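S.K.: what's the 3D shape of this:
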Amino acid sequence: MRIIAVANQKGGCGKTTTAINLSACLAKRDRKVLLIDMDPQGHSTLGYNIKTEEIGLSIYHVLREGLLLDDITLNTEVQNVSLAPANIVLFTIEQDIAFFSEKESRLQNAIGKLKKKFDYIIIDCPPNLGLLSINALRSADEVIIPLDSSFFSLHGLSRMLETIEMLRRHTGHNIETFILPTMFDRRSRFAKEVLDEIKNHFNGIIFSTPVRQCSKLRESSSFGVPISMYAPNSIGHWDYAAMADEVLMQEGPDMHKTPVAVMESLTHLKPDAAARQVPAANRFIFVYKDPSAADVKIAGDFNNWIPDKGVVTTREKDGTWKKVIEVPPGAYQYKFCIDGDWKEDPGNPNVVSNKFGSNNSLIIIN
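M.R.: Sure thing, here's the model as predicted:
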């Protein structure tokens with residue numbers, strides 16, 4: 001089970017949006033997810049269409065009274081996503097448990113007593129570095145820091161990294177850190193410069209898929225559903241789906257239940273043998289992971305549906321196939337051919353019908 005906190009002390013940087021939509025996209029890929037709302041504003045709770053004023057037991061009762069997480073967990077309208085809700089009562093928790101022993105480990109202890117089985121626990125932290133955030137960071141093995149292109153968000157990142165380092169020194173608890181660029185406006189020169197600067201400073205821990213500005217993301221929150229349900233053909237969904245695929249690619253072998261395919265822009269990858277054989281401009285890589293596959297080919301609009309035409313292929317020891325191709329920006333339909341069987345990309349939720357009565361995967365390359 002992976003435990004991931006989504007945190008940044010700055011509000012309005014896409015923290016809750018990331019927690020909601022990462023949970024939904026992981027669930028869509030057959031992972032069982034528990035989303036813990038640690039924000040007294042209860043936005044993750046509202047984001048799954050659960051009215052905060054109507055919930056009885058919440059994460060407050062877990063932290064204050066020692067109830068089990070199993071006792072407060074609610075099902076959501078999204079299959080495979082459960083929610084530990086929060087509401088305004090949580091605002092008083094710091095005063096209410098100020099004199100409790102191990103007050104910084106209340107959530108960690110509660111997670112340790114979980115009886116229900118989950119593949120992922122996603123923790124939506126409040127926009128500050130108080131006791132609730134410390135509980136979340138003490139519980140998590142990983143933290144995702146959403147970062148929009150603003151001075152205040154960069155300042156929040158700096159404070160968060162300082163807090164994580166302080167936690168490591170005082171408790172010995174190591175947290176793997178990842179940065180997710182959010183609300184990225186590719187038309188903005190400033191946004192591009194900030195993104196380049198972040199990549200230079202945090203190479204290796206930044207998601208290769210920035211989440212672009214998308215009005216559908218805001219609309220989906222107001223309707224209480226994740227973007228995967230509200231607007232599956234929007235760039236907001238595509239970006240969070242690609243981000244979830246990156247998270248899945250970090251899974252250990254014991255968590256692999258189904259083959260995973262992801263798409264990544266090679267401009268963010270270290271050049272390897274395959275990449276070096278394709279001109280730098282317009283490189284794109286398709287990744288398919290299935291240790292049982294003996295032969296994997298790819299065909300689509302980009303190579304006139306001739307399997308592996310113009311494609312440089314490598315296969316790694318763990319069963320990861322990389323298909324590198326030079327392709328200009330545009331929309332392309334494609335399929336994988338796995339040991340002679342044509343299959344849609346299992347990691348790409350975007351599909352379109354074809355003339356044969358089945359579906360092709362669809363990718364849009366900007």
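S.K.: thought Thr314 was touching Val287?
M.R.: No: at 10.2 Å, Thr314 does not count as touching Val287 under the criterion of CB atoms under 8 Å. Quick note: C-beta positions are derived from backbone N, CA and C, even for glycine.
S.K.: who's more crowded, these two?
M.R.: Val287 (19 against 15; other CB atoms under 10 Å).
S.K.: Surely the more buried one is in a strand?
M.R.: Yes: under DSSP: H, G, I helix; E, B strand; the rest coil, Val287 sits within a strand.
S.K.: From Cys337, how far out is it?
M.R.: As judged by CB to CB, to the nearest Å, Val287 and Cys337 stand 15 Å apart.
S.K.: got it, and Asp196?
M.R.: For Asp196, the distance to Cys337 equals 37 Å [CB to CB].
S.K.: ok, the two, which is more surrounded?
M.R.: The neighbour count for Asp196 versus Cys337, taken as other CB under 10 Å, is higher for Cys337 (15 against 10).
S.K.: Helix, strand, or coil at the more buried one?
M.R.: From three-state DSSP, the assignment for Cys337 is strand.
S.K.: Just confirm it contacts Trp305, I think it does.
M.R.: No: using CB under 8 Å, Cys337 is not in contact with Trp305; the gap is 10.3 Å.
S.K.: So for stretch 107-124, what gets flagged as buried?
M.R.: For stretch 107-124, the neighbour count (16 or more other CB atoms under 10 Å) marks Leu107, Gln108, Ala110, Ile111, Phe118, Asp119, Tyr120, Ile121, Ile122, Ile123, Asp124 as buried.
S.K.: Return the subset of those residues lying in helices.
M.R.: Applying DSSP state H to these, the entries found in helices are Leu107, Gln108, Ala110, Ile111.
S.K.: Can you tell me which of those residues is nearest Asp30?
M.R.: Nearest to Asp30 among these is Ile111, at 21.8 Å by CB to CB.
S.K.: Would you check how far apart the closest residue to the closest one other than its chain neighbours and His173 are?
M.R.: What sits nearest to Ile111 in space, not counting adjacent residues and going by CB to CB, 6 or more residues apart in numbering, is Ser139, at 5.5 Å. Ser139 sits 9 Å away from His173, taking CB to CB as the criterion.
S.K.: More neighbours: these two, which one.
M.R.: It is Ser139, of Ser139 and His173, that has more neighbours when counted by other CB under 10 Å, with 24 against 16.
S.K.: Redo the ones in helices among the buried residues of stretch 107-124 as TSV? Include pLDDT.
M.R.: Shown next, in TSV, are those (pLDDT from 0 to 100):
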residue	pLDDT
Leu107	94
Gln108	93
Ala110	93
Ile111	94
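S.K.: Go through the residues you listed and name the one nearest Ala299.
M.R.: The closest of these to Ala299 turns out to be Ile111 (CB to CB; 44.9 Å).
S.K.: show me what contacts that closest one?
M.R.: Ile111 sits next to Ile3, Leu69, Ile121, Ser139 when contact means CB atoms under 8 Å, 6 or more residues apart in numbering.
S.K.: returning to what we had before: now list whatever residues contact both of Thr314 and Val287.
M.R.: Common contacts of Thr314 and Val287, defined by CB under 8 Å, 6+ apart, comprise Trp321, Lys322.
S.K.: ranges for the strands of the stretch 251-366 of the chain?
M.R.: 260-265, 283-289, 296-300, 312-315, 320-326, 330-338, 341-343, 351-353, 359-365 (DSSP state E, counting those that start in this stretch).
S.K.: what comes up buried for the last one?
M.R.: Spelled out, that is strand 359-365. Asn360, Ser361, Leu362, Ile363.
S.K.: again with stretch 215-232
M.R.: Under 16+ other CB under 10 Å, the buried positions of stretch 215-232 are Lys216, Leu217, Ser220, Ser221, Gly224, Val225, Pro226, Ile227, Ser228, Tyr230, Ala231, Pro232.
S.K.: What of stretch 166-181?
M.R.: Within stretch 166-181, the residues that count as buried by 16+ other CB under 10 Å are Leu167, His173, Ile175, Thr177, Phe178, Ile179, Leu180, Pro181.
S.K.: So what does the fourth one look like in phi/psi?
M.R.: The phi/psi pair for Thr177 (degrees, to the nearest 10) reads phi -110, psi 140.
S.K.: who touches Lys117 in this structure?
M.R.: Met1, Lys32.
S.K.: cool, the one 3 residues further on as well?
M.R.: For Tyr120, the set of contacting residues under the criterion of CB under 8 Å, 6+ apart consists of Met1, Arg2, Ile3, Ile4, Ser23, Leu26, Arg31, Lys32, Val33, Leu34.
S.K.: Over to Asp71?
M.R.: Contacts for Asp71 (CB under 8 Å, 6+ apart) come out as Leu57, His61.
S.K.: For it, grab phi and psi.
M.R.: The phi/psi pair for Asp71 (degrees, to the nearest 10) reads phi -80, psi -20.
S.K.: Please report the distance of it from Lys113.
M.R.: Counting by CB to CB, the gap from Asp71 to Lys113 is 10 Å.
S.K.: next one: Lys192
M.R.: Remark: distance between Lys192 and Lys113 (CB to CB) = 46 Å.
S.K.: swap in Tyr332?
M.R.: Per CB to CB, Tyr332 is found 48 Å from Lys113.
S.K.: so where do the helices sit in the stretch 151-300 of the chain?
M.R.: Taking DSSP state H, counting those that start in this stretch to define them, one finds helices in the stretch 151-300 of the chain at 151-171, 189-201, 215-222, 227-230, 235-249, 273-276.
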